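>>> Return atomic coordinates for the entry below.
(one chain, ligands or ions: 1)
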Amino acid sequence: MQDREPPRRGVFITLEGGEGAGKSTQAARLAATLRARTGRPVTVTREPGGSPRAEEIRAALLAGAAKPYGPFAEALLFSAARLDHLDRLIRPALARGEGVICDRFIDSTRAYQGAAGGLDPAVVAALERVVVGRTRPDLTLILDLAPEAGLARAAARGEAAGQGADRFEAEALGFHARLRGAFLEIAMAEPGRCAVIDASAGPDAVAAAILAQVEARLPALVRGEGSHG
Ligand code: T5A
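Sure thing, here's the model as predicted:
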C-alpha cells in the first residue's frame, strides 16, 4: 500500500470550539505572528474544506444535504473531505517543513457527530484511524465560549452578510451546550495536545493567550527552528 504520510517536518496546529468562538479570526492572527517571528511559510486552512474537492463537500454539508442521512453519513462526508484535504494540502505542507494552522479538525467530528450528534465514539475513532493516521495535531487550541455568546456573534456576522443560520448553527441550544462540554472533555482527556483558551475576552486578549500557549508548548517553533518544541 502506498504511504500516504511522508516524513513530517512542519508544525500542525488546530483551533476548535463552538460556533462563533473566534477560530477564523485567531487562526489568521496566529499565522501572521508566526510568519513575522520565524520568516517561514504558514498556511491557514479550514475544515470542512481546505482543498477544492473538500470545499465542494463543505457546501453540501453546510446546506444540510446530508442531515436526513444521520450523523454517521455526515461523519463519512466530513471524513471524505478530510482525506482530500490531508492528501492535497496538509501533508505536503508539513513535509516541506511549513506550519499549518487549521480551523477545525478531528475534534469537531468527535464533538458534533459524536458527543452532540450521538454517533458511537468507537466509529469516530475508527474513522480517525483510517483517515488521519499519524497526521495528528501537535497542538490544539480549544476556544471556550458560552454557546449563547458564540451564536450571537455568528448571527450578527450573518446578518451583516445577509445570510441565515447554516446546518449546525440552526441546532437547538442544548446541542451547542453538549458541544461545549464535549470540547472541554477532549481537553481534559488529552492535556498534552490540547489547551483551553477563554474566548470571551476581546480579540487582542484571546490572541495573547493563544501566543502564550504556543510559546510554552512549541518553543522551537516560535524561535524559528521549525518542527517540535
Ligand atoms: N463541523 C465541522 C462538523 O460538524 N464536523 C466536523 O468534522 C467539522 C470539521 C463548519 C461547521 O461544520 C461543523 C462545525 C460547523 O458548524 P463554519 O462556518 O466553518 O462551519 O463554522 P465555524 O467554524 O463555527 O465558523 P464561524 O466563522 O461561525 O466561527 P469562528 O471561526 O469560531 O469565529 P470567527 O472568527 O469567524 O468570528 C465570528 C464573529 O465574531 C467576531 C468576528 O469578527 C466575527 O464577526 N469575533 C469576536 N467578537 C468579539 N470578541 C472576540 N474575541 C471575537 N472574535 C471574533
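
>>> Would you agree Leu127 is in contact with Leu77?
No - with contact defined as C-beta atoms under 8 Å, Leu127 does not reach Leu77; the gap is 11.0 Å. C-beta coordinates here come from the backbone N, C-alpha and C atoms, glycine included.

>>> who has more neighbours, those two?
Leu127 (23 against 19; other C-beta atoms under 10 Å).

>>> show me what contacts that one?
75-76, 79, 109 (C-beta atoms under 8 Å, 6 or more residues apart in numbering).

>>> For whichever strand or helix holds it, C-alpha coordinates in PDB please.
Using DSSP states H and E, the element containing Leu127 is helix 121-131. What follows is helix 121-131, C-alpha atoms only, in PDB (Å, rounded to 0.1, in the frame of the first residue of the first chain):
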ATOM      1  CA  PRO A 121     -17.300   7.100  19.800                       C
ATOM      2  CA  ALA A 122     -15.800   3.800  18.500                       C
ATOM      3  CA  VAL A 123     -16.900   4.600  15.000                       C
ATOM      4  CA  VAL A 124     -15.500   8.200  15.200                       C
ATOM      5  CA  ALA A 125     -12.200   6.700  16.500                       C
ATOM      6  CA  ALA A 126     -12.100   4.100  13.600                       C
ATOM      7  CA  LEU A 127     -12.600   6.900  11.100                       C
ATOM      8  CA  GLU A 128      -9.800   8.900  12.600                       C
ATOM      9  CA  ARG A 129      -7.500   5.900  12.400                       C
ATOM     10  CA  VAL A 130      -8.100   5.200   8.800                       C
ATOM     11  CA  VAL A 131      -8.400   8.800   7.500                       C
END
